[in-house]
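Engineer: Following is a predicted model, sequence given first.
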Amino acid sequence: MASIGVDIEEISRFSKRRYDTRKEFYDKIFTPDEIKYCLSKADPYPHFAVRFCAKEAAVKALNEKIFLKNVEIKMIRQKPIIRLPGKKKGLVSLSHTKNYAVAFVMIC
């Protein structure tokens, strides 16, 4: 049986917590590869925010408590791929504007 989750966040929630001054905050949520990807962008905060949304949406779709760092978003050929704990399979859609990030996750 499939399940879905969605989350939306204000990007300012992340841009107010600058990576260089709040590294421990980011290290608790994001994998090293996610951090590297986001920091490679001119403005990393929309990318952090949308990945956080995907992690929260995955928690909602899974309907279980998991560490956010155990969900990873990778970009493969310009397409987001979600890696979930265990052998669970899922699909993810990410989007962001200047002010908001949103993600949908479907667990297959």
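Structural biologist: Received the coordinates, thanks. Numbers count the residues shown, from 1 in each chain.

Engineer: Contact partners for residue 88?
Structural biologist: 62, 107 (C-beta atoms under 8 Å, 6 or more residues apart in numbering). Any C-beta I mention is one placed from the backbone N, CA and C, and that applies to glycine too.

Engineer: Could you report the separation of it from residue 37?
Structural biologist: Distance of residue 88 to residue 37, given as C-beta to C-beta, to the nearest Å: 22 Å.

Engineer: before we move on, which element is residue 9 in?
Structural biologist: Per DSSP states H and E: residue 9 is located in strand 3-10.

Engineer: And what about the residue nearest the centre of the chain, helix, strand or coil?
Structural biologist: Centroid-nearest residue in the chain, with C-alpha atoms, centre = their mean: residue 51, separated by 1.8 Å. At residue 51 the chain is in helix, as set by DSSP: H, G, I helix; E, B strand; the rest coil.

Engineer: quick one: pLDDT of the residue nearest to it when sequence neighbours are not counted?
Structural biologist: Excluding the flanking residues, the one nearest residue 51 by C-beta to C-beta, 6 or more residues apart in numbering is residue 73, at 4.8 Å. The per-residue pLDDT reported for residue 73 equals 98.

Engineer: Relative to the helix or strand that residue 73 is a member of, what are the paired strands and their orientations?
Structural biologist: Element membership for residue 73 (DSSP H and E) is strand 72-76. Strand 72-76 has its sheet partners listed here by DSSP bridges as strand 79-83 (antiparallel).

Engineer: Touching the partner strand from outside, list them.
Structural biologist: Applying C-beta under 8 Å, 6+ apart, the contact partners of strand 79-83 are 54, 58, 71-75, 90-94, 105.
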